[in-house]
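J.: Quick one, fold the following:
(one chain, ligands or ions: 1)
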Amino acid sequence: MKAIDPGATVADWRNWKWQLRHCVRDTETFEKWMEVPFGMEQRRRFEMTEAKFPISITPYYLSLINNTENEMSFDPVFRQCFPSPLELNVVTDDMADPLHEDRDSPVQGVTHRYPDRILFLVSNMCAMYCRHCTRKRRVGDADSIPTQKEIMEGLDYIRQTPRIRDVLLSGGDPLMLSDDYLGWILSELRSIRHIEIIRIGTRTPVVLPYRITDNLVSILKKYHPLWLNTHFNHPRELTGSSRAALNKLANAGIPLGNQSVLLAGVNDCTHIMRTLVNALAANRVRPYYLYQCDLSEGLSHFRTPIGKGIEIMESLIGHTSGLCVPTYVIDAPGGGGKIPVMPNYLISWSPTKVVLRNYEGVITTYKEPDTYEPIICNRDCTSCVLQHENDDTEDYKALGIGKLLDDYDKTISLIPADNERHARRDLQG
Ligand SMILES: *Cc1c(COP(=O)(O)O)cnc(C)c1O
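T.: So this is what the prediction gives:
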């Protein structure tokens, strides 16, 4: 701390604004503060990388790097925050915006991909620039700072779209906004009748836990039901300070979730993952998603085969509490959304029995009921004995695979719009 700011006190260290003022933003400062001189050639390669993808590391997160025994380059904290020249390797399948967030965007800053919920990018700032950021294309890009006018347009879109019941604030990091500004956005969202839940996605509990101040928490808890998802990737990130931040949030009645990214050389290990998910649950954080690393540019060195993720899920399911098991998802390139993948537990079936295996490899059977009377749904909920007293009943049309399963929908197959065989048929009339 003294190396960073000679006059600094412990109170300064715990002040999030002091932390932000003293972020490491170049290789030279990193070398000086960490006392690790790089060679000329090494420094040149780091500087080339940071020219394309800038650096920002909070002093707090920097202090978690283990720089003893020259093992820094294998350190999971170092790998998440310090540039690697491998980021400049753009491989053929990499894309600037693999999730097509910009294309599924009715107004600037809003991605409306799923029927009932949206992603609302309200900040383009982050305390720490994760090297594995899926929105790397935008990091530090002054042009994409959302203006208040853009945020108001986003709010108007939400107000005019009653199907949206869940708004996910993301960025950038929404907690980089000032308390007052964030409070204003939250109060605007809460004034919209159809918004049931508000979610915040933030990495501050991991990289800047001092951001979780009493004042911030007192603002957040005015806008319940409010959920918060954070982003721990390694058990080493659960320090005393980050646990204290999580504790404050949980005590304010904010349900906490965690979204990890599976990263080569950081957490691609069944033991690390089990330790992480158990430690999260012990701190009242529910592991929510484990993401397969996206196809964004400059991330190829972080990608693992999907088999690694399935192996990790195999090591969790049944071996630890169901509460500790995240859903492993691949965010489909092209904007298809999150697709869950799992080991197979259903081995085979007949009309009377299914054959299953458990986590130990025990193979077992479940006998299907002999007398089940299927309920044929004609979507007339007002006369349906199951639904008519449920005032939340709404007659949604079947969507996707649901169309194929629906009793009254006549669709028997889903066919890609560019299917050649069907185009020929249409020509023949
Ligand atoms: C992830 C995501 C959501 C939220 O998805 P959940 O599965 O409900 O957590 C919403 N919109 C977009 C564009 C997303 O990428």
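J.: Relative to residue 333, how far out is residue 92?
T.: Between residue 92 and residue 333 the computed distance is 13 Å (Cβ to Cβ, to the nearest Å). No exception for glycine: its C-beta is placed from N, CA and C like everyone else's.
J.: higher neighbour count, those two?
T.: residue 333 (15 against 5; other Cβ atoms under 10 Å).
J.: I'd like to know how far the more buried one sits from residue 170.
T.: In terms of Cβ to Cβ, residue 333 sits 19 Å off from residue 170.
J.: Which stretches in the stretch 1-150 of the chain count as strands?
T.: For the stretch 1-150 of the chain, the strands defined by DSSP state E, counting those that start in this stretch cover 110-114, 117-121.
J.: With mean pLDDT and distance to the ligand as new columns, can the ones you listed be given to me in CSV?
T.: Shown next, in CSV, are the strands of the stretch 1-150 of the chain (pLDDT from 0 to 100; distance: least, Cβ to the nearest ligand atom, whole Å):
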stretch, mean pLDDT, distance to the ligand
strand 110-114, 94, 4
strand 117-121, 96, 4
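J.: Reformat these as JSON lines; add mean neighbour count.
T.: Shown next, in JSON lines, are those (neighbours: other Cβ atoms under 10 Å):
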{"stretch": "strand 110-114", "mean neighbour count": "19"}
{"stretch": "strand 117-121", "mean neighbour count": "23"}
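J.: how's the protein carved up into domains?
T.: 10-86, 110-340, 381-428 (automatic domain parsing).
J.: in the sheet, who's paired with the closest residue to the ligand within the stretch 151-300 of the chain?
T.: The nearest approach of the stretch 151-300 of the chain to the ligand comes at residue 168, 5.3 Å away (Cβ to the nearest ligand atom). Note on residue 168: beta-bridge partners by DSSP bridges are residue 119, residue 199.
J.: which residues touch residue 194?
T.: 162-165 (Cβ atoms under 8 Å, 6 or more residues apart in numbering).
J.: Would you mind measuring from the spatially most central residue of the chain to residue 328?
T.: Residue closest to the average C-alpha location in the chain (Cα atoms, centre = their mean): residue 259, at 4.6 Å. As judged by Cβ to Cβ, residue 259 and residue 328 stand 11 Å apart.
J.: shared neighbours, these two?
T.: 289-290.
J.: all strands for the stretch 301-429 of the chain, in order.
T.: 327-332, 337-340, 346-349, 353-357, 363-367.
J.: Check the ones you listed for me and report the most buried one.
T.: Mean neighbour count, computed with mean count of other Cβ atoms under 10 Å, is highest for strand 327-332 among the strands of the stretch 301-429 of the chain, reaching a mean of 18.
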